[in-house]
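K.L.:
give me a 3D structure for the following:
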Amino acid sequence: MSRQIRNGIVDYLEILQMSGIGEVNKLQPLPQEQNPSAASPAQQSPVAKPEPAQRKTLQQAVLETKEPEEKIIPKKNTETDLTEKIAAIVNSGTSGKTEKIRLLAQEVAKCSRCSELAFSRIQTVFGQGNLDSELVFIGEAPGEDEDKQGIPFVGRSGQQLNDIITKGMRISRDEIYICNILRCRPPKNRNPLPVEAERCRPFLDATLEIIKPKYICCLGTVAAQNLLHTERTIGQLRGKVMEYQASFGTIKVVCTYHPSYLLRSPGAKKDAWEDIKILMNEMGLPILPIGK
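P.N.:
Below you'll find the model as predicted:
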């Protein structure tokens with residue numbers, strides 16, 4: 001290495017030292033060139049070397065400089081955030097039922113808590129009907145037709161439910177409210193998974209809190225088990241009146257077969273009609289023979 005290059009490095013390191021990078025071991029400049037004949041190597045004064053402990057490389061100096069501390073921003077608890085949003089919607093003193101349901105439906109429409117359902121659905125299916133109704137029908141989940149139209153209980157199962165309401169109970173479908181345990185269609189119409197029902201439960205509870213029904217009719221095992229937090233089958237739950245304790249009061253519950261089951265097993269329609277008569281009796285509706 002030539003003297004000019006070496007001395008240039010020394011000057012550069014001194015500038016870095018003055019800039020605050022830290023102590024940098026200064027390289028000793030080469031002594032001035034001497035006439036080799038002027039003195040022998042033995043007569044030349046040796047250049048003093050620093051002690052090993054005093055040496056500090058540029059790399060060490062750079063590593064010893066303190067980096068600014070990274071600010072850690074706490075992640076938002078999405079579960080808490082959703083709970084707070086739902087509570088704010090339900091407890092809003094300035095919004096009516098229609099506005100509350102609209103805002104709640106917006107939260108459902110953008111929900112992605114169940115990644116499989118959010119990926120496979122066409123759209124969410126919130127609910128439909130009279131928000132002042134005393135009666136709410138609850139099914140398990142949307143099917144293919146519901147997923148396409150965004151309305152609960154359409155297609156063949158919907159027509160079967162319509163017959164129960166209009167021909168059996170002698171009321172209009174528009175007079176009651178209908179929704180499901182899940183607001184998304186499970187792939188291939190499989191039953192909702194427990195974790196999916198749990199994630200969707202706040203939306204169901206909020207819907208009931210807004211409508212405040214006096215009666216609920218659970219359609220099928222999935223709806224009954226999830227609403228009532230029980231493992232009993234629909235055969236064990238139907239044929240009687242039970243009570244569900246909501247935050248706003250007690251709701252009377254009647255469970256019966258799902259309309260799609262009645263399509264597969266027409267012989268069960270007689271038992272389903274007996275369940276509906278129990279519900280009508282509790283509601284004080286007149287019971288007339290079907291078709292008359």
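K.L.:
switch to C-alpha atoms for all contacts and neighbour counts from now on
P.N.:
Fine.
K.L.:
quick one: Ile278 is in a helix?
P.N.:
Yes. Under DSSP: H, G, I helix; E, B strand; the rest coil, Ile278 sits within a helix.
K.L.:
what about it, how many residues close to it?
P.N.:
Burial of Ile278 is recorded as 19 neighbouring residues (other Cα atoms under 10 Å).
K.L.:
now do the helices in this structure.
P.N.:
With DSSP state H, the ranges of helices along the chain come out as 3-18, 58-64, 78-90, 97-109, 115-120, 144-149, 155-163, 194-211, 221-228, 234-237, 259-264, 269-283.
K.L.:
worst average pLDDT in those?
P.N.:
When the helices of the chain are compared by mean pLDDT, helix 58-64 comes last with a mean of 55.
K.L.:
on that earlier part again, mind putting the helices of the chain in a markdown table, distance to Gly127 included?
P.N.:
Output for the helices of the chain, formatted as a markdown table (distance: least, Cα to Cα, whole Å):
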| stretch | distance to Gly127 |
| --- | --- |
| helix 3-18 | 70 |
| helix 58-64 | 62 |
| helix 78-90 | 16 |
| helix 97-109 | 9 |
| helix 115-120 | 17 |
| helix 144-149 | 10 |
| helix 155-163 | 13 |
| helix 194-211 | 9 |
| helix 221-228 | 14 |
| helix 234-237 | 23 |
| helix 259-264 | 17 |
| helix 269-283 | 21 |
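K.L.:
which one of those helices lies closest to Tyr177?
P.N.:
Across these, Tyr177 has its closest neighbour in helix 194-211 (8.8 Å, Cα to Cα).
K.L.:
can you show me the CA trace of the closest one as CSV?
P.N.:
C-alpha atoms of helix 194-211 as CSV (Å, rounded to 0.1, in the frame of the first residue of the first chain):
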residue,chain,number,x,y,z
PRO,A,194,-68.9,-25.3,16.7
VAL,A,195,-66.2,-22.7,16.3
GLU,A,196,-68.1,-21.1,13.4
ALA,A,197,-71.3,-20.9,15.5
GLU,A,198,-69.4,-19.4,18.4
ARG,A,199,-67.9,-16.7,16.2
CYS,A,200,-71.2,-15.8,14.6
ARG,A,201,-73.1,-15.9,18.0
PRO,A,202,-72.6,-12.2,18.8
PHE,A,203,-74.5,-11.3,15.6
LEU,A,204,-77.4,-13.6,16.6
ASP,A,205,-77.5,-12.2,20.2
ALA,A,206,-77.4,-8.6,18.9
THR,A,207,-80.3,-9.4,16.4
LEU,A,208,-82.4,-10.8,19.2
GLU,A,209,-81.5,-7.8,21.5
ILE,A,210,-82.7,-5.4,18.8
ILE,A,211,-85.9,-7.2,18.0
